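Chemist: Take this sequence and fold it.
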Amino acid sequence: MNLWIWVVYPTEKWLNWLNTNAPDEGGEPWTVENLDEESLAFIMEAPEGEASWEAHLKEHQAEAFETFCAGFVEDETLWPKELVMAEFAEWFEDEILENVVDLTDDEDEEEEDEEEESREYEAEAPL
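Modeler: Sure, this is the predicted structure:
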């Protein structure tokens, strides 16, 4: 599986919205400095064939935006009503990391797949 990571960073527009709706817990406004660590990384399968990354990312922009909102403002009524995807670049900067090495332990997944295959085989076997 070809995995890429999509990293999304908030911009000044996001910062302005955040300060209006969820000031820092200390009562101070959020700044670029204290938001530096507030990026999100999404692991994604690379698009197959002729599919473009631009189209692939557009499918997930709303999810990224909602994830940012939920991380800071629980009250969804305060979230922007309609984020036009063309405006995504005004709210966030992003980058794609293409060289991803998956270091997770796949043994559990392999065992689950084998167990599922065994159950399917048993279910198909004549009585």
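
Chemist: Can you get me a residue count around the nearest residue to Trp17 once chain neighbours are set aside?
Modeler: In this structure, Trp17 finds its nearest non-sequential neighbour in Pro80, 7.0 Å apart by C-beta to C-beta, 6 or more residues apart in numbering. Where C-beta positions appear, they are placed from N, C-alpha and C, glycine not excepted. Neighbour count for Pro80, taken as other C-beta atoms under 10 Å: 12.

Chemist: okay, which residue is most central for this structure?
Modeler: Centroid-nearest residue in the chain, with C-alpha atoms, centre = their mean: Phe42, separated by 4.0 Å.

Chemist: Check whether that residue really touches Phe68, as I assumed.
Modeler: No: using C-beta atoms under 8 Å, Phe42 is not in contact with Phe68, being 11.4 Å away.

Chemist: list the residues that contact both of those two?
Modeler: Common neighbours of Phe42 and Phe68 (criterion: C-beta atoms under 8 Å, 6 or more residues apart in numbering): Val8.

Chemist: if we can go back for a sec, for the residue nearest to the centre of the chain, which residues count as its bridge partners?
Modeler: As for beta bridges, Phe42 partners with Trp6 under DSSP bridges.

Chemist: ok, now which ones touch it?
Modeler: 5-8, 60, 64.

Chemist: now swap in Trp79 and tell me
Modeler: 66, 69, 73.

Chemist: Trp14 - how many residues pack around it?
Modeler: Other residues within reach of Trp14 by the criterion other C-beta under 10 Å amount to 22.

Chemist: From the contacts of Trp79, pick the one nearest His56.
Modeler: Glu66 (17.7 Å; C-beta to C-beta).

Chemist: What residues of the strand or helix carrying the closest one count as buried?
Modeler: Assigned by DSSP states H and E, Glu66 belongs to helix 61-72. Across helix 61-72, burial judged by 16 or more other C-beta atoms under 10 Å covers 61, 64-65, 68-69, 72.
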